[in-house]
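Colleague: could you work out the structure for the sequence below:
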Amino acid sequence: MTDPIQEQLIAARKQQILDAAAVVFADKGFHSTTIRDVAKRAGIADGTIYNYFDSKPALLMGIFERMRASILQDAVLPDPASLDVPTFVRMFLYHPLMALKQDNFGLFRIVLSEMLVNDDLRQRYQSQVLQPMLAGVEPYFLDYAAQQGIGELEARLIVRAIAGMILGLTLEYTLHDDLLTDHWEHLPDVLTTFILHGLTPRTA
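Modeller: Sure thing, here's the model as predicted:
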């Protein structure tokens with residue numbers, strides 16, 4: 001039988017390490033950071049980190065997993081039948097966009113740049129962050145799509161198109177687009193309108 005107090009201590013130590021890693025990665029960059037840097041920031045011995053995370057990529061994925069869990073926890077998913085189309089689309093855009101707004105762009109920039117050259121990190125991101133996130137969203141979206149007469153394949157592609165839109169905008173933000181920086185909170189409404197109506201003239 002697992003000791004609940006021991007579980008709490010393990011969880012607290014993991015959070016302590018991830019908090020330290022987030023600060024050091026944002027400050028020094030992923031490539032330049034060492035496990036020793038993270039351990040020093042966390043106030044623990046170097047070897048202690050390996051009791052919880054097997055490598056630097058595992059640390060970075062731990063940070064993103066925490067972000068993903070936070071997005072899903074904060075997302076209130078009502079009965080799909082109770083939502084009109086604009087409300088449903090906006091809901092799926094709002095939570096990931098606003099989660100990224102909370103001082104996480106620096107970490108996103110780091111992981112994206114490293115994924116382009118680091119196969120291990122890319123595979124970890126795919127299996128530990130992207131696929132679980134899609135798996136959490138897709139069944140709910142498929143349920144709603146079926147009610148709207150949208151086929152399963154089309155609905156699954158739509159989920160990925162929306163995810164790609166969020167990814168692209170986040171990348172553009174990290175390149176210091178001032179317009180996005182100043183108006184990020186407006187994106188859920190703007191994108192909902194664009195997805196539903198495209199560039200067709202608005203009617204009263």
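Colleague: can you list contacts of the lengthiest helix in the chain?
Modeller: If you go by DSSP state H, the chain has its longest helix at helix 4-28. Residues from elsewhere that reach helix 4-28 (Cβ atoms under 8 Å, 6 or more residues apart in numbering): 33, 37-39, 41-42, 44, 48-49, 52-53, 59-60, 62-63, 66, 106-107, 110. All C-beta atoms are positioned from the backbone trio N, CA, C, and that covers glycine.
Colleague: poorly predicted segments of the chain, please.
Modeller: The chain contains residues with pLDDT under 70 at 1-2, 68, 70-81, 83, 100-104, 202-204.
Colleague: which residue ranges make up the domains of it?
Modeller: Per automatic domain parsing, the domain ranges recorded for the chain read 1-53, 56-197.
Colleague: how about JSON lines for these, with mean neighbour count added?
Modeller: Shown next, in JSON lines, are the domains of the chain (neighbours: other Cβ atoms under 10 Å):
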{"stretch": "domain 1-53", "mean neighbour count": "15"}
{"stretch": "domain 56-197", "mean neighbour count": "15"}
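Colleague: where along the protein do the strands fall?
Modeller: For the chain, strands defined by DSSP state E do not occur.
Colleague: any idea how far Ala69 is from Leu142?
Modeller: 22 Å (Cβ to Cβ, to the nearest Å).
Colleague: correction: the previous question concerned Asp120.
Modeller: 22 Å.
Colleague: which residue ranges of this protein form helices?
Modeller: Counting by DSSP H, the helices of the chain are 4-28, 35-42, 46-49, 56-74, 85-101, 105-115, 119-125, 131-147, 152-174, 178-183, 187-197.
Colleague: quick one, the second one and helix 4-28 angle?
Modeller: Put plainly, it is helix 35-42. Inter-element angle recorded for helix 35-42 and helix 4-28: 110 degrees (by axes from the mean of the first three to the mean of the last three Cα atoms, to 10 degrees).
Colleague: what's helix 35-42 in contact with?
Modeller: Here helix 35-42 has contacts from 16-17, 19-21, 23-24, 28, 45-46, 48-50, 56, 59, using Cβ under 8 Å, 6+ apart.
Colleague: likewise for the third one?
Modeller: With Cβ under 8 Å, 6+ apart as the test, helix 46-49 has contacts from 13, 17, 35-36, 38-39, 42, 59.
Colleague: and that helix, how far out from the chain middle?
Modeller: Distance, stretch centre to chain centre, for helix 46-49: 27 Å (Cα atoms, centre = their mean, to the nearest Å).
Colleague: how close does the nearest residue in space to His31 that is not next to it in sequence sit to Asp120?
Modeller: Leaving aside its chain neighbours, His31 sits nearest to Glu114 (7.1 Å; criterion: Cβ to Cβ, 6 or more residues apart in numbering). Separation of Glu114 from Asp120 (Cβ to Cβ): 10 Å.
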